[in-house]
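A.B. asks: My questions are about this predicted structure, shown below with the sequence.
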There are 4 protein chains.
Amino acid sequence: MIIHAVGGYEEVGKNMTAVEVGRDTIIIDMGLRVDRMMIHEDTDVHTLKEHELRKIGAIPDDRILDGKHVVGIILSHGHLDHIGAVSKMAAKYHCPIVARPFTANIVSQLLQDDKQSNKNVIPVESRGSLGNFQFEFINVTHSIPDSSLVALYTKDGDVLYANDYKLDPHPTLGDTTDFKKLTGIKPKVLIIESVRVREQKKTPSERIAVMMLQDLFFDTNFDFDCLVSTTFSSHISRISTLIDLSKKVGRQPVLLGTSLCKYWNAAMEEEIVSEDVVRIARRNARQKFLKEAGDDRSAYSLIVTGHQGEIDAVLSRIVDGKTPFHLTNRDCVIFSASTIPNPVNVANRYKLETKLMMQNVRMFKVMHVSGHASKEDHRELLRIVNPEYIVPSHGEFDMISSWGILAEEEGYVVGKDLFTVKNSQRMEIP
Amino acid sequence: MIIHAVGGYEEVGKNMTAVEVGRDTIIIDMGLRVDRMMIHEDTDVHTLKEHELRKIGAIPDDRILDGKHVVGIILSHGHLDHIGAVSKMAAKYHCPIVARPFTANIVSQLLQDDKQSNKNVIPVESRGSLGNFQFEFINVTHSIPDSSLVALYTKDGDVLYANDYKLDPHPTLGDTTDFKKLTGIKPKVLIIESVRVREQKKTPSERIAVMMLQDLFFDTNFDFDCLVSTTFSSHISRISTLIDLSKKVGRQPVLLGTSLCKYWNAAMEEEIVSEDVVRIARRNARQKFLKEAGDDRSAYSLIVTGHQGEIDAVLSRIVDGKTPFHLTNRDCVIFSASTIPNPVNVANRYKLETKLMMQNVRMFKVMHVSGHASKEDHRELLRIVNPEYIVPSHGEFDMISSWGILAEEEGYVVGKDLFTVKNSQRMEIP
Amino acid sequence: MIIHAVGGYEEVGKNMTAVEVGRDTIIIDMGLRVDRMMIHEDTDVHTLKEHELRKIGAIPDDRILDGKHVVGIILSHGHLDHIGAVSKMAAKYHCPIVARPFTANIVSQLLQDDKQSNKNVIPVESRGSLGNFQFEFINVTHSIPDSSLVALYTKDGDVLYANDYKLDPHPTLGDTTDFKKLTGIKPKVLIIESVRVREQKKTPSERIAVMMLQDLFFDTNFDFDCLVSTTFSSHISRISTLIDLSKKVGRQPVLLGTSLCKYWNAAMEEEIVSEDVVRIARRNARQKFLKEAGDDRSAYSLIVTGHQGEIDAVLSRIVDGKTPFHLTNRDCVIFSASTIPNPVNVANRYKLETKLMMQNVRMFKVMHVSGHASKEDHRELLRIVNPEYIVPSHGEFDMISSWGILAEEEGYVVGKDLFTVKNSQRMEIP
Amino acid sequence: MIIHAVGGYEEVGKNMTAVEVGRDTIIIDMGLRVDRMMIHEDTDVHTLKEHELRKIGAIPDDRILDGKHVVGIILSHGHLDHIGAVSKMAAKYHCPIVARPFTANIVSQLLQDDKQSNKNVIPVESRGSLGNFQFEFINVTHSIPDSSLVALYTKDGDVLYANDYKLDPHPTLGDTTDFKKLTGIKPKVLIIESVRVREQKKTPSERIAVMMLQDLFFDTNFDFDCLVSTTFSSHISRISTLIDLSKKVGRQPVLLGTSLCKYWNAAMEEEIVSEDVVRIARRNARQKFLKEAGDDRSAYSLIVTGHQGEIDAVLSRIVDGKTPFHLTNRDCVIFSASTIPNPVNVANRYKLETKLMMQNVRMFKVMHVSGHASKEDHRELLRIVNPEYIVPSHGEFDMISSWGILAEEEGYVVGKDLFTVKNSQRMEIP
């Protein structure tokens, strides 16, 4: 068995791993590196060709798979750093693209947006087979619906792919981690994320975020007019919480922004949520709504795009005076998201927050918990599945190398049982 | 009316403020600056005299009160940076020391420990008068029982002293903030802490800490032998939570360490808690207990001193091999406290954590929420009490000056309605 | 005598101070806050009106001077944060704008660029009088030619304005600080910058930067093709050093970029430099030159704009492939500048450096020393001029408040001898 | 050929590498990890046994060399992280310990201090042979005399060991790097330090430090009484500079402190310096001298131990009032050293500096340049010696892994030409 580290082994982004057994190869995830798009001002992912995106480091360099017989592409969940390169790279493999329903829905849309066929996309509830591989999706908690660990069962041993996850005992939407399935697996190789392996704690449950938001929404001493919240557009459970709390305090929730509406629509189509909330995606309709909302500010709870200070998102547009709606010191902005630690995001958030401060708008920052496993989540998973070999993935090289500390605490030996590989390297499993 | 900024106006520590009306002066708080003790290796607070402690900056320099007619000392709550200098400085004022029962209990002990009389200490439930001053304790949420805002009613106008507090809608022990009293006050001067005024959020409720600890204690996937928790010795509600959760998972909670036992005893005496938990203060008894506990590690949940890595605390002693009890990679240490940001604490925690890592012990860090108001708690209080003047206190000069940003957002003018004063300065209220 | 803190007392930028004596008021400096421009994407300083720039905090709010009889505007030196608002705000005062020749040259150009008359700009070598004020320029070392402390001699006492300066014993262009004049002054009020007062050192001499550049240029073991340097366009002494060293190693220096050429031209007109180096300001000419230079890469030493990663500067354009000239791993980029600590600059530099790394280009960062006084330069000046009162300026509020530490070490008392004022406040000197 | 990574491959400290060729093994360096001593309060390196020091991670774990035929120990230079474990570990190897004269002198003393025989220590000027190995010392610039790269010539190819060095074109004491020898070497394996490989610059020359000190000593505007400097005790060139400058300004230089005197004595014995300066090692003599010096403060320039705030060093003792000599605001302390970035040092320096500030003493910090190669020094060496394989050493794992970035820029492939190994691992060279 050979593990090919195609992308995401030197960065947080553009995840792509391939597993080769006998004459067949299977690909797991095919992601975009968003921050590499951001450093090139005029870059539009839709117009750039594969080799151009590869050159700027925005998509994985998959030339190490040339000549391999690829039997399928499995997508673990619907975040762009796991599926965002499908519309650029997948066609040439002429193979099925399997994903759980919500993920399949999202990737189908991405293909359509990019004028590609989505006929190869196959929604799969739980398991199937592709060439030499039996595969199975194992439900896990993260920050987007239908997040999964991916198990591969092969004649040379089993592989467990654990990108991205946390072990949340109290998810607020969807099922909790499928420990029953997990305890039945004894993988030869565990491929596992490294984003927060250095943090010596367990990642807090989503219910902690819910509780903090509750305390804010239900605080009778807070007096304010308009309430504006912003979070990750794909974080359906968080958005559900914001909608639910808004209603409970007698305000009409309204989703504003293209991507917020896109992900919510997908969640409704897949019957993950039943809430038919007001959604306004298009700019003209938004302008019209915001003009009216300005006259009845305390009637609404706006849920908007723009948590990273993205220049064209709804929140930035409001703050820049590009809408008929203006914020004052009687208004609150809730950032139910962390700043993704990248200087471009930091600068965008700085610009946004400086303008909010110049307008005296109240801010509630970091009303958020992460969706990524910390060191003690990883230890828990490690003890449950007890793999023979560990291949850390999804991180900069120093994050990946930090996995060695945990592994050695649990009796593994770096270089013998745990292998650190870089993009474009391959690891032959003994 | 004159406000005398005696201590705590250039540092986090040694808080002391005096208010002069007519011929009478009243003192609020009389604290110790613990980090100034720490930089002097051989310093023992018990043996040092007042002028020596003043010279090293450990206690307030109260010489600006020379000649004043001091009619009383009011203590807002029982933390050392608010009461730790009483045994060094109070005697010379020959006046009553009033405090709510738990605080009075603690300060009486401190006086006894320092071979001082505690006859002037007067427990007061709610209100009283001292010279020209009517005073009232207003219950507030913080991180120690009987925390209070202090209201002074005088002929020249009223003063509200708001050190330390947060506005927690869901305290887990004791009453919530007495908003009924607060809404009845319209102070001329608000003296208010600055520790976290720069943080653009509301401080999370104590129930968030409880929830995080619950998720950890009740996680059936975690497997471990011994469980060791450490938190602030005076944080009775947190300790109650740890005791309660320990019992719920079938482990015997045991408090280990002098100061943990001292504060818990005080809380029992004042009927704040009814839990009669096993407490072992003395070193010999601890050694004996730990020897036995080593044979039945999973029966206990140890709650110990040492969250800042203090060298002589129980946790450091265990880790340094000075007890018969040793930790392994099957054991967990829960830090239900943040590191107080001071290089000496940072170094002590670093030493402690490095040793824990060398012993492969699992750590859960930052299972904690702060007890100090953030910017949006302050804004809430400000709007409720609507003071004429603001005097920020309790902070380094840059923290204090940051209060100006919030005040200006709310319509105050720095230098006209808000005054930044430094230690040993006085402010005449117009 | 009244000191009006118009701008620069809450930020690094838009410096403007006014001194009122009797019926006359004089203004010193009238600067732009560049980072406030940067957070507004589409902002063009040329098209915005005064009240718009004031609203976004880009220029000082001088409405506290309404009704004052302003007799003149004195400019201390030619940096934008000291002169950049002249073209927006000065006209309404109908008064002379006096500055030393290089500064006058620069400000005249700015007025012309903004379609304003420059007839009020009066170059002054050393001294003069305006209304009730005698003024004198005292040469000082900084990072732009003709930098000066400004002395005002009035019937109510003298004022020394010390923004910006360092005390460099070995400037590499122009005279050193005029200590002879300085020792003759005993100002009542010292208005002094705060940018680096917290740094416990003396700022290194410019010759340190020269020496580091020498070691790099003369290192025979370095092998490379093209050499690209970038520094502040107004830093004429540093540019002279780069030109001089380039020639000594047999490479043709070429200045590329509009602002580099503009400042160098001014320096030549004022006979500060005699070096008639090749300068290419216009984009078309640059493209043509760069096309040819590509064929003979080791013949040139390019000195370009773009040290902060500015998107339209020459360095960014080269790196983005917008010129016919491309860098490789045989080329070096020297950053003879620090990153101005502002998230927008940090992000721009990050983008630039990431692209340089993706092209394998060698970087030499921080080949630079600051032009701002550190704590020990300030102490030296303080002891020489021994002012009665100190008014710290030019800094965020916490920098300004840090001046108090130094002043108290030297026997001043904060609140009595040293006053911290904020924008739009006035200080009556006793 | 096998490279054994014994120590220093997961930390900055306890460097030890072994090279095995045929039946013989040679060891290069045998260092102490000082920070692991510091986290254990009561630890005394003299009294601890080898297995105890190994357990706390203070010395390398050399059990991977069990059974090897070790033919010699070569020491590259005299810093403790390269020679400090010799007295604990070397005896059992019963083999020669070769080093250049200054290093040999220092290690002989260490052995004597530890009651060990130094009969195996053999000073070697330049080259020799041990078993299957020819070795050669190649002079290099660093921050201690007789610093060397070590070349091994073997039948299986040559090894160049490059710990620690920088490429300084202008060393101020001793010869510059022996480029002539270097250009003659084409090593199969380059073992090279990683401490500063991430810094995108060339490390400044020692003459930069000299120049900064000159500007300070010769500044006629500075007025002060006593001058106290502190630097690394083994940094003979820096100490020479301080002595020289002190004399030039008419002050008597005096070395105070045990380790300062020890290293200076060694430098005199080896005829590296000829300066016979006053040196006072013993505490009693120091007390006597300091009592007298207090009466004639401006006559002396004290050069003392204590740059890291070490509690028992001379500077800490002066500041703590443990000597008859006291500092005032007329005195200056020059830190001609950086703070070694470790929380324990940071805390010690914080304590020291806080006390200095409380005594109003002037500080000049960071009058220093590093002795370690930055990224561009490494690139220069890499291009000169052009090794077949690279093994980064001397760093935490993330520093070591950062070498990969540079190597890949220069055409190497991580995992194929560059190997990252951890302590106790071995690398078979193809």
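C.D. replies: Cool, the structure landed.
A.B. asks: who in chain A is up against chain B?
C.D. replies: Near chain B, the residues belonging to chain A are A:167, A:169-170, A:179, A:199-202, A:204-205, A:207-208, A:211-212, A:215-216, A:218-219, A:221-223, A:329, A:353, A:357, A:360, A:362-367, A:376, A:379-380, A:383-384, A:405, A:409-410 when assessed by Cβ under 8 Å from any Cβ of the partner chain. For the C-beta atoms, the positions are set from N, CA and C on the backbone; glycine is no exception.
A.B. asks: Quick check: closest non-adjacent residue to A:Leu173.
C.D. replies: Nearest residue to A:Leu173 in three dimensions, chain neighbours excluded: A:Ser237, at 3.5 Å (Cβ to Cβ, 6 or more residues apart in numbering or on different chains).
A.B. asks: So that neighbour versus A:Ser246, what's the distance?
C.D. replies: According to Cβ to Cβ, to the nearest Å, A:Ser237 and A:Ser246 sit 15 Å apart.
A.B. asks: Which residue of these two possesses the greater neighbour count?
C.D. replies: A:Ser237 (25 against 21; other Cβ atoms under 10 Å in any protein chain shown).
A.B. asks: ok so, going back, for PyMOL, what selects the buried ones among the residues of chain A next to chain B?
C.D. replies: Command for PyMOL that selects the buried part of the residues of chain A next to chain B, burial taken from 16 or more other Cβ atoms under 10 Å in any protein chain shown:
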select buried, chain A and resi 167+169+170+179+199+200+201+202+204+205+207+208+211+212+215+216+219+222+353+360+362+363+364+365+366+367+376+379+380+405+409+410
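A.B. asks: Narrow the residues of chain A next to chain B to those in helices?
C.D. replies: A:179, A:207-208, A:211-212, A:215-216, A:353, A:357, A:376, A:379-380, A:383-384, A:405, A:409 (DSSP state H).
A.B. asks: and A:Lys166, how far is that from A:Ile390?
C.D. replies: From A:Lys166 to A:Ile390 the distance is 18 Å (Cβ to Cβ).
A.B. asks: Which one of these two is surrounded by more residues?
C.D. replies: The neighbour count for A:Lys166 versus A:Ile390, taken as other Cβ under 10 Å, is higher for A:Lys166 (27 against 24).
A.B. asks: Quick check: the more buried one touching A:Gly371?
C.D. replies: Yes - in this structure, A:Lys166 is within contact of A:Gly371 by Cβ atoms under 8 Å, at 5.8 Å.
A.B. asks: Mind listing the shared neighbours of those two?
C.D. replies: A:141-142, A:203 (Cβ atoms under 8 Å, 6 or more residues apart in numbering or on different chains).
A.B. asks: Let me know the closest of these to chain D.
C.D. replies: Comparing these against chain D with Cβ to the nearest Cβ places A:Thr203 closest, at 22.3 Å.
A.B. asks: re earlier: what's the residue nearest to A:Leu173 in contact with, if anything?
C.D. replies: A:143, A:145, A:171-174, A:206.
A.B. asks: Quick one: name the residues of chain A near chain C.
C.D. replies: For chain A, the contact set with chain C under Cβ under 8 Å from any Cβ comprises A:38-41, A:56-57, A:311, A:320, A:343-344, A:346-351, A:354-355, A:358.
A.B. asks: rerun that using 7 Å as the cut-off
C.D. replies: Contacts of chain A with chain C, taken as Cβ under 7 Å from any Cβ of the partner chain, map to A:39, A:41, A:57, A:311, A:343-344, A:346-347, A:350-351, A:354-355, A:358.
A.B. asks: Identify the farthest-apart pair in the residues you listed.
C.D. replies: Using Cβ to Cβ, the pair of the residues of chain A next to chain C lying farthest apart is A:Gly57 and A:Met358, separated by 35.6 Å.
A.B. asks: Please identify which of those two sits among more neighbours.
C.D. replies: Here A:Gly57 and A:Met358 are compared on neighbour count by other Cβ under 10 Å; more neighbours surround A:Gly57, at 22 against 14.
A.B. asks: Could you grab the helix/strand/coil label for the more buried one?
C.D. replies: Classification of A:Gly57 using DSSP: H, G, I helix; E, B strand; the rest coil returns coil.
A.B. asks: For whichever residue of the stretch 251-400 of chain A sits closest to chain D, which non-adjacent residue is spatially closest?
C.D. replies: Going by Cβ to the nearest Cβ, chain D is nearest to A:Asp398 of the stretch 251-400 of chain A, at 3.6 Å. The shortest distance from A:Asp398 to any residue other than its chain neighbours is 3.6 Å, reached at D:Asp398 (Cβ to Cβ, 6+ apart).
A.B. asks: quick one: the one you found is in a helix?
C.D. replies: Yes - the assignment for D:Asp398 (three-state DSSP) places it in a helix.
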